[in-house]
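1. I'd like to go over a predicted model; first the sequence, then the structure.
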Amino acid sequence: MFTVGISLYLGTGIEKNREIIDKAKRAKVKYAFTSLHLPEERVEDYSKEVNALLELCTLADIKLIIDIGPRTIEKLKLKSIQELKETPITHIRPDYGFTSKEIAELSNTFNIVFNSSTISEEELMELKGYGCDFSRFLAADNFYPKPLTGLSIDTLVERNKRLKYMGIKTLAFVPGDLVKRGPLYEGLPTVEDHRYKDPLLSILELRSSALCDIVLIGDVDITEELWNKLEKLNSGYVELRADIRKEYSFVRDIIHHDRPDSSSYVIRSQESREYGTPGKLFKAETAMLRSKGSISIGNENYLRYSGELEIARVDLPVEARVNIIGKIDQEDIKYLQYIDKAMGFRII
């Protein structure tokens, strides 16, 4: 199931992280990322701070993906990486310094998150040769603090198609919309075009076009508005503001789902068939313009499709077999192309 998570940084401080994790729990966040070897992180006692962060995440039922290197073990005051097994850590992202054999051995205990930006086809085949269960692997792309260094969406799509074929889940980052992380404070996207975009739009694009299973906010904190949107996304739907004719107000506040076999032209509500009765329920009305964002219901002339709710993704010809019942707000029309493959939506 697609899910959206966050990033946590030791330099933010335990109290601020506690506040963020409380918000994340309310937003049904299941994954968080942190790195233990960022040069700008100034922490007096790594072991103490990491253990406190792990405890907070465990209590919130959040799986913490830890970016580790060989020096991390020393910082955590452990004698060997095997001692990580005694901690609540479930997902590790091994950095430079680990052999394929070592990673294969670690995968028996941990979910392995590898850097899909740097791992080669040969290394993946080597891991497969060691008998690795790729269902326990997650491919995470980098985030790019420096402007103009992020990936193109096409590059990410091509890479993720290959990884998904191998049974590996995929992860990418989008910037936040409140507190940016230093030292540049210009967002932490995987895809360069997302650096200054609406985060919700970027998240939906990564899910729909780039085949991502998990999207994480790369920056430190986000607005309350975005927290609310994350809670909806993690419940499987997005909210779409719309003007609806009063007599059709029953379509509001239902969680609809686009059909799994998505159309490029319209979003088709699976749930609307439950209140549609072929040829009886909706009398035909005067045909109206069916522009992008128009919400329609099939009328009696559509026979067994009478009652089916659709939202136009593009401008369409006038159709006498549907009644136009409303219109998505202009600000939310941009989301329509990415509400596909059984994605949920609620009209508000």
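-> Right, received. Where do you want to start?

2. flag the shaky bits of the chain, pLDDT-wise.
-> 37-43, 70, 275-280 (pLDDT under 70).

3. can you give me the domain assignment for it?
-> Annotated domains of the chain cover 3-235, 240-347 [automatic domain parsing].

4. tabulate those (JSON lines), appending mean neighbour count.
-> No exception for glycine: its C-beta is placed from N, CA and C like everyone else's. What follows is the domains of the chain, written out as JSON lines (neighbours: other Cβ atoms under 10 Å):
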{"stretch": "domain 3-235", "mean neighbour count": "18"}
{"stretch": "domain 240-347", "mean neighbour count": "17"}
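
5. nearest spatial neighbour of Ser296, chain-adjacent residues omitted?
-> Of all residues not flanking Ser296 in the chain, Val322 sits nearest, at 3.9 Å (Cβ to Cβ, 6 or more residues apart in numbering).

6. so the one you found sits against Tyr302, correct?
-> Yes - here Val322 reaches Tyr302: they are 6.9 Å apart, a contact under Cβ atoms under 8 Å.

7. show me the strands in the stretch 101-250 of the chain, by range?
-> 111-115, 137-140, 169-174, 214-217, 237-240, 242-244 (DSSP state E, counting those that start in this stretch).

8. now render the ones you listed as JSON lines, adding distance to Asp154.
-> JSON lines is the format used below for those (distance: least, Cβ to Cβ, whole Å):
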{"stretch": "strand 111-115", "distance to Asp154": "20"}
{"stretch": "strand 137-140", "distance to Asp154": "17"}
{"stretch": "strand 169-174", "distance to Asp154": "14"}
{"stretch": "strand 214-217", "distance to Asp154": "18"}
{"stretch": "strand 237-240", "distance to Asp154": "24"}
{"stretch": "strand 242-244", "distance to Asp154": "32"}
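
9. OK, contacts around Asp193?
-> Taking Cβ atoms under 8 Å, 6 or more residues apart in numbering, we find Asp193 in contact with 150, 152-153.

10. for the strands of the stretch 101-250 of the chain, which one sits closest to Leu53?
-> With Cβ to Cβ as the measure, strand 214-217 is the member of those nearest Leu53 (15.5 Å).
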